[in-house]
Structures are given as C-alpha cells and as structure tokens.
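In: Predicted model, plus sequence, below.
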Amino acid sequence: MRPASPAAPVAESTPAPTDRAPYRYVTCVPGICGGRPIIQGTRTPIKAIVGYYKAEQLALAADQQSALFTFNTVDFLLLHRAWLATGRIHWGIIVCEQLPPGETIRRLLHLLNRVTADEMRNQVYWLPG
C-alpha cells in the first residue's frame, strides 16, 4: 500500500480590484457624479432614485391619510421640511432609532395611545423611550 501523497497547497483567491459597486446595474465611474454610484450606462445617480422612492413613500402615506414610520430620520426630516415649505399636508412621520422589534413596537404603541391622528398631521414624532 502506498502512503497518501501530501495535498497540494490551495491558492487563496483574492478578488480583483474593481470600480464597480456590488450590484448588477450599478457602477462608479471617476469623473461622473464625483465617482459616486450611478446606473450603469447612464449619468443617473443612485441617490436621485432612492430620494424619489422616499418621496413616493410619503406621498402614498399622505394619500391614504396614514402616518409613515421609518428608521431613516435624516431623509424624512428633509422631506417633512420640503412639504411644509410647499404647503403639502402629510399625516405624520414617526421616526425611531433601530431597536429590537419588541422595543420598537412598545414605543410605537406608547405614542399611538397618547397622540391623536389630528395631532400627528404635519408633525414629526421621535418615538419616546
């Protein structure tokens, strides 16, 4: 019986550096939009599309006369200010830091038990502790 031959060393593969973002149709090109992510083959920044989506979320909630709940404080505070400046009405934005689900629900129920729908109109509420 022959002794087992030692295994050949396995070469570790390292990914080649790339200027692409880790998504299929997203890329970063130096000199276009300051090298920030854009949609491949265009000059459209990803930030513009994400911003449009957020504005649509608030518009949908307003159409349904519903408050909007989000962890995205900065972007929705900016939207809130833009809506107030243009006289648009929304039915409230509730923001919270990301917490375990049970704690988030506890805080949300606490707020909803003490604030009416009319009081929420055009207001931003931070979930209390």
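Out: Happy to help now that I have it.
In: in the longest helix seen in the chain, what counts as buried?
Out: Longest helix of the chain, by residue count under DSSP state H: helix 46-63. Of all the residues in helix 46-63, those buried under the rule 16 or more other Cβ atoms under 10 Å are 46, 54, 55, 57, 58, 61, 62. (Each C-beta comes from the backbone N, C-alpha and C, glycine too.)
In: Redo those as TSV? Include distance to residue 88.
Out: Shown next, in TSV, are those (distance: Cβ to Cβ, whole Å):
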residue	distance to residue 88
46	25
54	14
55	10
57	14
58	9
61	12
62	7
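In: would you list the residues you listed in CSV and tack on distance to residue 99 and pLDDT?
Out: Output for the buried residues of helix 46-63, formatted as CSV (distance: Cβ to Cβ, whole Å; pLDDT from 0 to 100):
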residue, distance to residue 99, pLDDT
46, 27, 76
54, 21, 80
55, 26, 82
57, 21, 87
58, 22, 90
61, 21, 89
62, 26, 91
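In: quick check, nearest of those residues to residue 40?
Out: residue 46 (10.6 Å; Cβ to Cβ).
In: tell me which residues form a beta bridge with the residue nearest to the closest one when sequence neighbours are not counted?
Out: Leaving aside its chain neighbours, residue 46 sits nearest to residue 37 (4.3 Å; criterion: Cβ to Cβ, 6 or more residues apart in numbering). Applying DSSP bridges to residue 37 gives these bridge partners: residue 28.
In: Tell me the spacing between residue 37 and residue 27.
Out: 7 Å (Cβ to Cβ, to the nearest Å).
In: Give me the phi and psi angles of residue 80.
Out: phi -60, psi -50 (degrees, to the nearest 10).
In: how close does it sit to residue 101?
Out: Counting by Cβ to Cβ, the gap from residue 80 to residue 101 is 25 Å.
In: The two: who's more crowded?
Out: residue 80 (20 against 8; other Cβ atoms under 10 Å).
In: Test my guess that that one contacts residue 93.
Out: Yes - between residue 80 and residue 93 there is a contact under Cβ atoms under 8 Å: 5.6 Å.
In: ok, back up a step: show the subsequent helix or strand relative to the longest helix of the chain.
Out: For helix 46-63, the following helix or strand on the C-terminal side (DSSP states H and E) is strand 68-70.
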